[in-house]
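*Asks:* Just need the structure, nothing else, for what follows:
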Amino acid sequence: MKKILFLILASITLISCGVLNGNSPMTAFIVKNTSEKPISFTAGVLKHSQIAGPQIITNSFTVNPNDSIIARQTYFKRDGENPQNWFTKFDILPVEGIELNDPKIRENWKKSSKDNAPIYTFTLNKE
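*Replies:* Residues are numbered from 1 along each chain as shown. This is a model prediction of the structure:
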């Protein structure tokens with residue numbers, strides 16, 4: 001009986017959050033480097049904790065030449081706007097001879113889809 005009650009409550013919670021109804025699928029935020037040199041950046045995201053409250057978590061990444069990485073995966077509205085706002089901080093370290101794109105500009109995040117899940121891709125360098 002307790003297991004059935006738990007499953008019902010968990011389902012209601014997930015549905016109310018939009019996880020099971022398809023409005024907020026798991027979305028990947030990919031960062032790509034099409035240059036011939038490695039490019040490093042630091043990205044911060046806001047995480048909510050019931051114990052510690054909201055905190056900014058910052059990670060550093062290096063993207064090898066002609067490679068990409070997933071910088072973040074989260075539930076994001078299927079028709080969500082402003083994907084750049086998922087990052088509270090996004091600082092790209094300058095690389096000599098490479099002109100960089102601005103991650104704060106929405107148009108620099110290109111939307112695509114794989115298996116009906118949204119993907120936003122930001123290319124670090126200008127092509």
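
*Asks:* Please, which helix or strand holds residue 45?
*Replies:* Per DSSP states H and E, residue 45 falls inside strand 39-49.

*Asks:* What residues sit buried inside that strand?
*Replies:* Of the residues in strand 39-49, those with enough neighbours to count as buried (16 or more other CB atoms under 10 Å) are 39, 41, 43, 45. (C-beta placed from N, C-alpha, C; glycine too.)

*Asks:* where in this structure is pLDDT low?
*Replies:* The chain contains residues with pLDDT under 70 at 1-23, 76-80.

*Asks:* swap the cut-off to 80 and go again
*Replies:* Counting by pLDDT under 80, the chain shows low-confidence ranges at 1-25, 48, 75-83.

*Asks:* So which residues of it form helices?
*Replies:* Secondary structure of the chain by DSSP state H: the helices cover 2-16.

*Asks:* what are the phi and psi angles of residue 94?
*Replies:* Main-chain dihedrals, residue 94, degrees, to the nearest 10: phi -60, psi 150.

*Asks:* Was I right to think it contacts residue 100?
*Replies:* Yes - contact status for residue 94 versus residue 100: in contact at 7.1 Å, counting by CB atoms under 8 Å.

*Asks:* higher neighbour count, the two?
*Replies:* Between residue 94 and residue 100, counting by other CB atoms under 10 Å, residue 100 is the more crowded of the two (16 against 10).

*Asks:* who does the more buried one bridge with?
*Replies:* For residue 100, the residues forming beta bridges with it (DSSP bridges) are residue 125.
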